[in-house]
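Trainee: following is a predicted model, sequence given first.
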Amino acid sequence: KAGVTQTPRYLIKTRGQQVTLSCSPISGHRSVSWYQQTPGQGLQFLFEYFSETQRNKGNFPGRFSGRQFSNSRSEMNVSTLELGDSALYLCASSWDRSQETQYFGPGTRLLVL
Amino acid sequence: GENVEQHPSTLSVQEGDSAVIKCTYSDSASNYFPWYKQELGKGPQLIIDIRSNVGEKKDQRIAVTLNKTAKHFSLHITETQPEDSAVYFCAAHSYNQGGKLIFGQGTELSVKP
């Protein structure tokens, strides 16, 4: 069974631009969570989707948004990029809405110049 | 809310020695505790997990122990090998947090040949 896939793997943007990242969960998994990973802050929870509904949201500004499609694939969008948004963005999928056992993708490395 | 503290932040051992990483959590309602290994350039990989109704779990050279009373859990790696070198994250899952994982800050383990 294929693992979690994320595209693109690397991205360079400039301040003020917006970006969309994509995540395809493990086949059959219906829940997707997004995390931001930085050296100073570790793994910070962004939001979680189950059956196309956002069920939980972390403490990030409204510039960070996401959605989930009927096939469980998910996208996250960051508008008006800031230098501090440079990070590894990780997507994790799980079987059900309990969100316990999560499997991570390789991440998208975003660099904002 | 839930807070997970992880120690040490860095750990260096000789090949063949044992390594122990410790985590404490604050929410007594937390009931699921996974450990992840993250190698350079990759997403976190689930290596072992434990539920609150179990005190210890082993998988070959890896073991996890849980003390619910003291609210701490530990990862034990025996007979360490250079390929064990990575960053290890502990996490706690709590329904009080809307069913999300809260991660520790990570431990960078270096196994010297």
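Mentor: Done, it's in. Residues are numbered from 1 along each chain as shown, chains lettered A, B, ... in the order given.
Trainee: low-confidence ranges, chain B, go.
Mentor: B:97 (pLDDT under 70).
Trainee: taking it, what residue is nearest to chain A?
Mentor: Using CB to the nearest CB, the single residue of chain B nearest to chain A is B:Gly43, 3.8 Å away. Heads up, the C-betas are built off the backbone N, CA and C, glycines and all.
Trainee: so where do the helices sit in chain A?
Mentor: Using DSSP state H, no helices are found in chain A.
Trainee: which residues does the residue of it found nearest chain B contact?
Mentor: Residue nearest to chain B within chain A: A:Phe104 (3.8 Å; CB to the nearest CB). Shown in contact with A:Phe104 (CB atoms under 8 Å, 6 or more residues apart in numbering or on different chains): A:4, A:90-92, B:36, B:43-46.
Trainee: check contacts around the residue of chain B closest to chain A.
Mentor: Here B:Gly43 is in contact with A:4, A:90, A:104-107 (CB under 8 Å, 6+ apart).
Trainee: try 7 Å this time
Mentor: Going by CB atoms under 7 Å, 6 or more residues apart in numbering or on different chains, B:Gly43 touches A:90, A:104-107.
Trainee: just checking, what packs against whatever helix or strand B:Ile102 lives in?
Mentor: B:Ile102 belongs to strand B:100-103 when assigned by DSSP states H and E. Counting contacts by 3 or more CB pairs under 7 Å, 6 or more residues apart in numbering or on different chains; DSSP states H and E, strand B:100-103 packs against strand A:42-50, strand B:86-94.
Trainee: bridging residues for the nearest residue to A:Leu83 once chain neighbours are set aside?
Mentor: Among residues not flanking A:Leu83 along the chain, A:Val112 sits closest, at 5.4 Å (CB to CB, 6 or more residues apart in numbering or on different chains). Beta-bridge partners for A:Val112, by DSSP bridges, are A:Lys13.
Trainee: wait, A:Val112 touches A:Asp85, no?
Mentor: Yes - if you go by CB atoms under 7 Å, A:Val112 and A:Asp85 touch, sitting 5.2 Å apart.
Trainee: got the contact list for A:Val78?
Mentor: Applying CB under 7 Å, 6+ apart, the residues contacting A:Val78 are A:18-19, A:63-64, A:85.
Trainee: got the residues of chain A near chain B?
Mentor: A:42-43, A:45, A:48, A:55-56, A:90, A:98-107 (CB under 7 Å from any CB of the partner chain).
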